[in-house]
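**Q** got a predicted structure here, sequence first:
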Amino acid sequence: MSLRIRLTAAYTLFFALALLLLDLALYFGIRQVLINSVLDDLRTGGALLEQAYQREGPQFDNPSVRDVIQSRPQILYAQIFSPNGITVASTGNLRGDALLLARDQLVEVLQGRETTGVYEVSGTRVLSLLTPLQFGPQVVGVIQV
């Protein structure tokens with residue numbers, strides 16, 4: 001093989017690898033930025049629900065607490081769970097679908113940590129954020145947005 005062909009092959013391989021690495025870095029960088037942006041929106045939605053809950057009071061069976069979550073369809077999909085994992089309220093836009101809550105996620109959130117999960121709702125993958133619902137210093141439930 002001539003020197004010209006070997007140099008051409010070497011440069012082609014080098015630039016192909018460089019472009020591949022650049023593409024991978026861009027893909028994963030942009031992916032992480034987009035995921036963080038969605039998580040920020042979910043945190044904002046959860047914070048709005050928690051603020052409304054703080055205003056309405058600590059009782060899940062209070063009809064006004066259910067009204068708080070049902071009156072906020074702009075928060076995407078949202079559910080509130082009691083400490084034993086029972087759904088006590090959800091946004092109307094779920095239309096009967098439910099975002100499931102695994103027992104290990106429930107335990108983690110009740111210990112005060114937020115967690116995420118990916119679910120399927122009506123054939124669409126949905127990123128979910130689970131955060132503790134607090135009344136004062138006490139965790140009294142779970143918000144899933």
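**A** Noted; the coordinates are in hand.
**Q** who does the longest helix seen in the chain touch, helix- and strand-wise?
**A** Longest helix in the chain, counting residues (DSSP state H): helix 3-56. Helices and strands touching helix 3-56, by 3 or more Cβ pairs under 8 Å, 6 or more residues apart in numbering; DSSP states H and E, are helix 63-70, strand 124-135, strand 138-144. Placement of C-beta: from N, CA and C, glycine included.
**Q** deepest-packed of the ones you listed, please.
**A** Burial of the helices and strands packed on helix 3-56 is given as mean neighbour count (mean count of other Cβ atoms under 10 Å); strand 138-144 ranks first at a mean of 21.
**Q** would you single out the least confident of the helices and strands packed on helix 3-56?
**A** Of all those, the minimum mean pLDDT falls on helix 63-70 (a mean of 56).
**Q** mind checking what helix or strand follows that helix in sequence?
**A** strand 79-81 (DSSP states H and E).
**Q** any chance of the helices and strands packed on helix 3-56 in JSON lines with distance to Gly85 as columns?
**A** Putting those into JSON lines (distance: least, Cβ to Cβ, whole Å) gives the following:
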{"stretch": "helix 63-70", "distance to Gly85": "17"}
{"stretch": "strand 124-135", "distance to Gly85": "11"}
{"stretch": "strand 138-144", "distance to Gly85": "8"}
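**Q** out of these, flag the one nearest Ile35.
**A** strand 124-135 (7.3 Å; Cβ to Cβ).
**Q** let me know the angle separating that closest one from strand 138-144.
**A** Here the directions of strand 124-135 and strand 138-144 differ by 160 degrees (axes from the mean of the first three to the mean of the last three Cα atoms, to 10 degrees).
**Q** elements contacting strand 124-135?
**A** Counting contacts by 3+ Cβ pairs under 8 Å, 6+ apart, strand 124-135 packs against helix 3-56, helix 103-110, strand 115-121, strand 138-144.
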